[in-house]
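>>> Test case, fold it:
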Amino acid sequence: MNISDKSEKEQLEYLTKLLKQINQDSKKIEKLSEKARNTNFQNSTPKQTQKASVNLNWACLSLDKSKTDFARAFKGSCLDVNTEEKEYNPSGFHHYRH
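As a prediction, this is how the structure comes out:
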């Protein structure tokens with residue numbers, strides 16, 4: 001199902017869900033990166049070092065996937081609007097450019 005087939009409310013809920021996932025993935029990467037920086041690799045086994053690297057790589061993959069999903073969903077959603085400057089004339093005396 002294409003996102004443009006959903007109602008505006010459903011589109012916004014889906015985009016919000018994707019943004020929350022991006023936020024969670026970013027926090028996870030921050031946490032894993034901090035853990036890797038604070039790890040003493042001289043006292044770690046090769047398996048522990050490899051596990052830390054693999055966990056960080058999976059988190060980065062998940063973040064990239066979430067960002068791609070959001071970009072694809074945004075493109076066809078109700079938020080994908082023309083951003084060029086427009087002129088509004090709500091009355092004969094008022095003129096706005098936005």
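>>> buried sites along stretch 16-29?
When burial is assessed from 16 or more other CB atoms under 10 Å, stretch 16-29 yields the following buried residues: L18, Q21, I22, D25, K28, I29. C-beta: built from backbone N, CA, C; applies to glycine.
>>> how would you label the spatially closest residue to E8 that is not a sequence neighbour: helix, strand or coil?
Excluding its sequence neighbours, the residue lying closest to E8 (CB to CB, 6 or more residues apart in numbering) is C78, at 4.6 Å. At C78 the chain is in coil, as set by DSSP: H, G, I helix; E, B strand; the rest coil.
>>> Check E85 too.
E85 carries the three-state label coil when classified by three-state DSSP.
>>> Look up phi and psi at it.
When read as degrees, to the nearest 10, the backbone of E85 gives phi -60, psi 140.
>>> my guess is it contacts R97, does it?
Yes - counting by CB atoms under 8 Å, E85 does reach R97; the two are 5.7 Å apart.
>>> Next, the contact list for L63, please.
Residues touching L63, when contacts are defined by CB atoms under 8 Å, 6 or more residues apart in numbering, comprise I22, D25, S26, I29.
>>> Assign a three-state SS to the nearest residue to the first one once chain neighbours are set aside, would you?
If you skip the residues right next to it in sequence, I22 has S66 as its closest partner in space, 4.7 Å away by CB to CB, 6+ apart. When states are read from three-state DSSP, the local structure at S66 comes out as helix.
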